[in-house]
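**Q** Got a predicted structure here, sequence first:
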Amino acid sequence: MPQKESTVMTRSWTPSRVGTNCRFSDINCPGFWVNCQTGQGYRMTEDSLRTGHSPVIGYVCNYDQFTLVNCDPYAPIGKLRKETADLDLPVNF
C-alpha cells in the first residue's frame with residue numbers, strides 16, 4: 001500500500017500589513033504594536049529590531065498576541081488610539 005505524503009500548509013506572513021497578529025518574539029517589522037490582551041502599546045523602531053542594537057526590549061510570555069496597528073512607530077498617540085479601537089482591540093496607552 002503506498003504511503004501518503006503529509007503536506008503542511010504554510011501561510012505567507014506579510015509583516016507590514018496592519019491588523020497582522022503574531023507573538024512578540026516574531027515581530028520583525030517596525031511599527032506600533034498592541035498587546036491584544038492588555039491593550040498596551042509598543043513602538044518598535046528599526047533600531048529596536050536589529051540584533052545587538054539598543055534599545056533592546058525583552059518581553060516574556062508564552063501566549064500573548066500582538067497586532068500591528070500602524071507601520072509608523074512615531075505616529076501620534078491620538079491617531080494610534082483611534083486605529084487601535086477601529087481594530088476592536090483594548091486601548092491602554
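**A** That came in fine, so what should we check first?
**Q** Alpha carbons only: can I get the lowest-mean-pLDDT helix or strand in the chain in PDB?
**A** Here the helix or strand of the chain ranked lowest by mean pLDDT, DSSP states H and E is helix 46-49, holding a mean of 86. The C-alpha coordinates for helix 46-49 follow below in PDB (Å, rounded to 0.1, in the frame of the first residue of the first chain):
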ATOM      1  CA  GLU A  46      14.100  49.700  13.100                       C
ATOM      2  CA  ASP A  47      16.900  50.100  15.700                       C
ATOM      3  CA  SER A  48      14.900  48.200  18.300                       C
ATOM      4  CA  LEU A  49      14.600  45.200  15.900                       C
END
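**Q** and it, what other elements does it pack with?
**A** Under the contact criterion of 3 or more C-beta pairs under 8 Å, 6 or more residues apart in numbering; DSSP states H and E, helix 46-49 touches no helix or strand at all. All C-beta spots, glycine's among them, are computed from the backbone N, C-alpha and C.
**Q** following it, which helix or strand shows up next?
**A** strand 66-70 (DSSP states H and E).
**Q** so what does that following strand touch, helix or strand wise?
**A** Using 3+ C-beta pairs under 8 Å, 6+ apart: strand 66-70 touches strand 21-22, strand 31-35, helix 77-86.
**Q** hey, which of those is tucked in deepest?
**A** Highest mean neighbour count of the helices and strands packed on strand 66-70: strand 31-35, a mean of 23 (counted as mean count of other C-beta atoms under 10 Å).
**Q** For that strand, which outside residues touch it?
**A** The set of residues external to strand 31-35 that reach it, using C-beta atoms under 8 Å, 6 or more residues apart in numbering, is 16, 27, 40-44, 64-73, 75, 80, 84, 87, 89-91, 93.
**Q** and if you look at stretch 60-75?
**A** Taking C-beta under 8 Å, 6+ apart as the rule, stretch 60-75 contacts 15-24, 27, 29-38, 41-45, 79-80, 83-84, 87, 89.
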